[in-house]
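Student: Here is the input, now give the coordinates:
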Amino acid sequence: MRLSHCMIRPLSMLALLSLTFGVSCTTMPPPHTRQAVSEREDVLLQQAEMRRLSGRIEGVELEVERLLRTVNQLQTEQTQWIRSQQQQMETRLTALESQLQALDAARESDRKAIIEQLTTTVAELLREQRGAGGTRAASGYGYEHTVGAGETLSHIAAAYGVTTRAIIAANNLENPDRLRIGQKLFIPE
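Tutor: Down below sits the predicted model:
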């Protein structure tokens, strides 16, 4: 038996789905096809569940895209921050290198000034000694010099105004590069 209009009865799941998804009910199947109606209701429920899950999947995909954009933005910001830190460190390193070079130059300048001052002082002392008279040696007149720390034969020769050869010859030095602190040298005039 086929009914041309829906029967009035409590709303079934099929009726709810029909109202929800716009399916209209025009006929009611006979009782022997109730299994078919039940299967149809199951299909509609599954379709509704699939649409709900599709919506959730779409929402999850949108959230994943948002998170990927956020991660990319954070990576970009981190890269920029690292570059900024590297530039700052390079700038600091360059400044420190410049300061170190300036300190090295000042130290070298100070060392030269000290050597010049010592050389001048020793030369003045020698001139004063010459004025008072020098020591007599077998080969003539000269001065006795005690080697101090850091003195080289060339510095001593420059201080007394003589050549290194004259000092080597007057002292019979076999190795003039090896002077000892406290060693006495005769400096010829």
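Student: secondary structure class for Glu174?
Tutor: coil (DSSP: H, G, I helix; E, B strand; the rest coil).
Student: Remind me which helix or strand Gln85 belongs to.
Tutor: Taking DSSP states H and E as the criterion, Gln85 maps to helix 34-132.
Student: Distance from that helix to the middle of the chain?
Tutor: 7 Å (Cα atoms, centre = their mean, to the nearest Å).
Student: For the strand ranked longest in the chain, which strands pair with it and how are they oriented?
Tutor: Longest strand in the chain by number of residues (criterion: DSSP state E): strand 140-146. The strands beside strand 140-146 in its sheet (DSSP bridges) come out as strand 135-137 (antiparallel), strand 184-188 (antiparallel).
Student: Now do that strand, average pLDDT.
Tutor: Mean pLDDT, strand 140-146: 84.
Student: Tell me the helix or strand right after that strand.
Tutor: Downstream of strand 140-146 (by DSSP H and E), the next one is helix 153-160.
Student: Buried residues in that following helix, which are they?
Tutor: Buried positions in helix 153-160, judged by neighbour count with 16 or more other Cβ atoms under 10 Å: 153, 155-160. All C-beta atoms are positioned from the backbone trio N, CA, C, and that covers glycine.
Student: Against which helices or strands is it packed?
Tutor: Here helix 153-160 touches helix 34-132, strand 140-146, helix 164-171, strand 184-188, going by 3 or more Cβ pairs under 8 Å, 6 or more residues apart in numbering; DSSP states H and E.
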